[in-house]
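S.K.: Okay, sequence plus prediction incoming.
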Amino acid sequence: MRANADAEQGQSYYAEAAEGTRHTQIQEAITDVRTAAEKSAKIARLLDEAGRHLQIT
């Protein structure tokens with residue numbers, strides 16, 4: 001969960017820095033950070049599910 005929060009915060013920093021710019025590398029970085037946050041959230045969810053499954057069995 002911490003990694004997801006950090007990625008989301010990083011995304012907001014990139015978005016703030018990119019306001020009003022058409023610089024493609026900054027726009028690509030924003031997309032990359034967003035993707036990282038989504039993947040991080042998925043990994044955290046899957047790890048949580050796996051942990052709960054292992055505790056039950």
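M.R.: That came through, no problem.

S.K.: all contacts plus neighbour counts: C-alpha atoms, from now on.
M.R.: Noted.

S.K.: Quick check: the gap between the spatially most central residue of the chain and L46.
M.R.: Among the residues of the chain, A37 comes closest to the average C-alpha position under Cα atoms, centre = their mean, at 0.8 Å. Going from A37 to L46 by Cα to Cα, to the nearest Å gives 14 Å.

S.K.: Could you do K39 as well?
M.R.: Between K39 and L46 the computed distance is 11 Å (Cα to Cα).

S.K.: what do you get for E16?
M.R.: To L46, E16 is 31 Å away according to Cα to Cα.

S.K.: and R2, what pLDDT?
M.R.: We note a pLDDT of 69 for R2 in this prediction.

S.K.: likewise the one 3 residues further on?
M.R.: Confidence per residue is given as pLDDT, and for A5 that number is 73.

S.K.: which secondary structure element contains the residue nearest to it when sequence neighbours are not counted?
M.R.: Nearest non-adjacent residue to A5, counting by Cα to Cα, 6 or more residues apart in numbering: A37, 7.7 Å away. Assigned by DSSP states H and E, A37 belongs to helix 24-56.

S.K.: Does that helix pack against any helices or strands, and if so which?
M.R.: helix 2-18 (3 or more Cα pairs under 8 Å, 6 or more residues apart in numbering; DSSP states H and E).

S.K.: Find me the pLDDT at the nearest residue to E8 once chain neighbours are set aside, would you?
M.R.: For E8, ignoring the flanking residues on the chain, the nearest one in space by Cα to Cα, 6+ apart is A37 at 5.8 Å. What the model reports for A37 is a pLDDT of 79.

S.K.: gap between A37 and A44?
M.R.: 10 Å.

S.K.: D32 too?
M.R.: 18 Å.

S.K.: repeat for E16
M.R.: According to Cα to Cα, E16 and A44 sit 26 Å apart.

S.K.: neighbour count winner among the two?
M.R.: A44 (16 against 11; other Cα atoms under 10 Å).

S.K.: Sketch out the low-pLDDT regions of this structure for me.
M.R.: For the chain, residues meeting the criterion pLDDT under 70 lie at 1-4, 7, 56-57.
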